[in-house]
Structure formats: structure tokens, C-alpha cells
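> sequence? don't have it. structure:
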């Protein structure tokens, strides 16, 4: 069980890194994060096509990563 949890955590972390790196940048650097970041937060721009798929896969992998991290912390001595 110990090795299984570690391997699953590694798979989720590498997958999450890969999916995040595949996504396009959505802000114009620091100025976009400060002034125009609220547009992306409240959904003025909708993701379509491959962007939507990558966004949903990112959410799934992030949730899996957090669950596996908690399980690994509880069950690994």
C-alpha cells in the first residue's frame, strides 16, 4: 500500500505539471494579474475546445493530487 500511494502521487504530480504546462497563458504578466485578473475569475471569457478539456483535466488531476497527498500523509509512516 505504501508503494502504491507513492507511485499514484508521483503519477498525479507529473500529470498535473504536464497539463499546466500545456495550457496557454491567460494574463499579460503582473499587470494583467493586478488589473485584469478579475475578468478570468468571474468568467467573462469562456474556454472552448482544447482549452476547456485542459481546464477540466487540470481540475481533476489537482483534486486527485490533493486526495492522494492526504492519503499518503495518513497511511505512510
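Right, received. Where do you want to start? Predicted model only: the values in this text are computed from it and were never measured.
> Flag the shaky bits of the chain, pLDDT-wise.
Under the criterion pLDDT under 70, the flagged ranges of the chain are 26-47.
> Please enumerate the helices of it.
2-22, 29-34, 37-41, 50-75 (DSSP state H).
> how about these in JSON lines, adding mean neighbour count?
Just so you know, the C-beta spots here come from the backbone N, C-alpha and C atoms, and that holds for glycine as well. Shown next, in JSON lines, are the helices of the chain (neighbours: other C-beta atoms under 10 Å):
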{"stretch": "helix 2-22", "mean neighbour count": "14"}
{"stretch": "helix 29-34", "mean neighbour count": "10"}
{"stretch": "helix 37-41", "mean neighbour count": "11"}
{"stretch": "helix 50-75", "mean neighbour count": "14"}
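> For residue 1, see how far away the spatially most central residue of the chain is.
The chain has residue 58 as the residue nearest its centroid, 3.9 Å off, counting by C-alpha atoms, centre = their mean. Noted for residue 58: a distance of 27 Å to residue 1, by C-beta to C-beta, to the nearest Å.
> go on, residue 74?
In terms of C-beta to C-beta, residue 74 sits 11 Å off from residue 1.
> Also residue 16?
22 Å.
> ok so, going back, enumerate every residue touching the residue nearest to the centre of the chain.
16, 19, 20, 23 (C-beta atoms under 8 Å, 6 or more residues apart in numbering).
> ok, those residues vs residue 6, which is closest?
residue 16 (15.7 Å; C-beta to C-beta).
> Can you name the residues that contact the nearest residue to that closest one once chain neighbours are set aside?
Distances taken as C-beta to C-beta, 6 or more residues apart in numbering place residue 61 nearest to residue 16, at 4.4 Å, with adjacent residues excluded. Residues in contact with residue 61 (C-beta under 8 Å, 6+ apart) are 12, 15, 16, 19.
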